Structure formats: structure tokens, C-alpha cells
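Q: Need a 3D model of the following:
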Amino acid sequence: MADNSKIEQALAPVFKQNGIELVDIVVSRTGRKPTLQFFIDKLEGAINVEDCARMSGKIEGVLDMEEFFPQGYIIEVSSPGINRPLKKPAHYLRFAGERAKVVLREMVENRAVFTGVIESADDAQFTLFDGTSRFTFKYDRVKKAVLDPVVEF
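A: Sure thing, here's the model as predicted:
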């Protein structure tokens, strides 16, 4: 199976030309063909169904040209959703001031899950404020992080 970083590298020019950000790639295998899930976003405005359909064709063109999956594949292109994953330092910078849920690889102060507002971020680490305390984490300590907005009805 192809390496996600190689796929991302091959697709980078296509995303850049179209003003689209690749948030995440998830590759899974449930049958004969792998399923590739691409989560995309716009740097300006909200992603919509037309964007996903347009990018699906462009992604398929690159995947076929590069022959990452000669046996075939199933592709899904969608928005990252309300609980958008935070994968790169740029994501933490972009969403500073937003609420996030962070799961660490190791326990800190007898817990591994922290929820709070991203106060600041740089290339090496970010600071989360939970309403009482501030915690600074290096990115390599994070197992999973997602936006965790409070939705009121």
C-alpha cells in the first residue's frame, strides 16, 4: 500500500492550484480494494459538495497517473466536519482561540485527555487553556487532537 506522505506530496500542487487544503488522508482496507478518504477544507470560506466532487476527479487523475494503487481503489472526498482533526502546527496556528480536545500519548498530571482553548502555537508546541490551567505540549506528544466547539441549540 502507498505511503500517505508520498500521496500527499504528489497531490500538493493540485490542492494549491485549487485553493484547497488537504487536512487528512485515511487509507483502510475492508475488501479487495483500499478505501482512500480525503478530508479537505478551504482556507477561505466553507468547503461544499461541488468542491468535493471537483477535487475527487483531480485526485483520481493524480492517483491513476502515479499508479499508487494499480489494483484499484475506492475514493471518498469530504469535509473534515465540525470536529476537524488538528494534524500539523499550521492547524493549531489557524485555530488559535478555538476549543480543542487533545489526547496525549502519555499521561500528564494523571490524565491523557485535555480540553480547552488553543491559546498559542508555533512550529514546536502549542498552549491549551482549560479555564483554570495552561498546558503546553509538543506536537510529538499528541496522539490525536480535534476541534471541540460548543454547539448551542
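
Q: Show me what the helix or strand where G61 lies is packed against.
A: Using DSSP states H and E, G61 sits within helix 49-66. Using 3 or more C-beta pairs under 8 Å, 6 or more residues apart in numbering; DSSP states H and E as the contact criterion, the elements in contact with helix 49-66 are helix 4-17, strand 34-42, strand 74-78. C-beta here means a position set from N, CA and C on the backbone, and glycine is covered the same way.

Q: Let me know which of the ones you listed is tucked in deepest.
A: By mean neighbour count, with neighbours taken as mean count of other C-beta atoms under 10 Å, strand 34-42 ranks first of the helices and strands packed on helix 49-66 at a mean of 19.

Q: Summarise which helices and strands it is packed against.
A: Strand 34-42 sits against strand 20-29, helix 49-66, strand 74-78, with contacts defined as 3+ C-beta pairs under 8 Å, 6+ apart.

Q: who touches the shortest one?
A: So that's strand 74-78. When contacts are taken as C-beta atoms under 8 Å, 6 or more residues apart in numbering, the neighbours of strand 74-78 outside the stretch itself are 33-40, 52-53, 55-56, 59-60, 63.

Q: before we move on, what about the second one?
A: Defining contact as C-beta under 8 Å, 6+ apart, one finds that helix 49-66 is touched by 7, 10-11, 14-15, 18, 20, 36, 38, 40, 42, 69, 73, 75, 77-79.

Q: circling back to that earlier point, wait, which of the helices and strands packed on helix 49-66 is closest to Q125?
A: Closest of those to Q125 is helix 4-17, at 22.0 Å (criterion: C-beta to C-beta).

Q: Next, the angle from the closest one to strand 34-42.
A: Between the direction of helix 4-17 and that of strand 34-42, the angle (axes from the mean of the first three to the mean of the last three C-alpha atoms, to 10 degrees) works out to 40 degrees.
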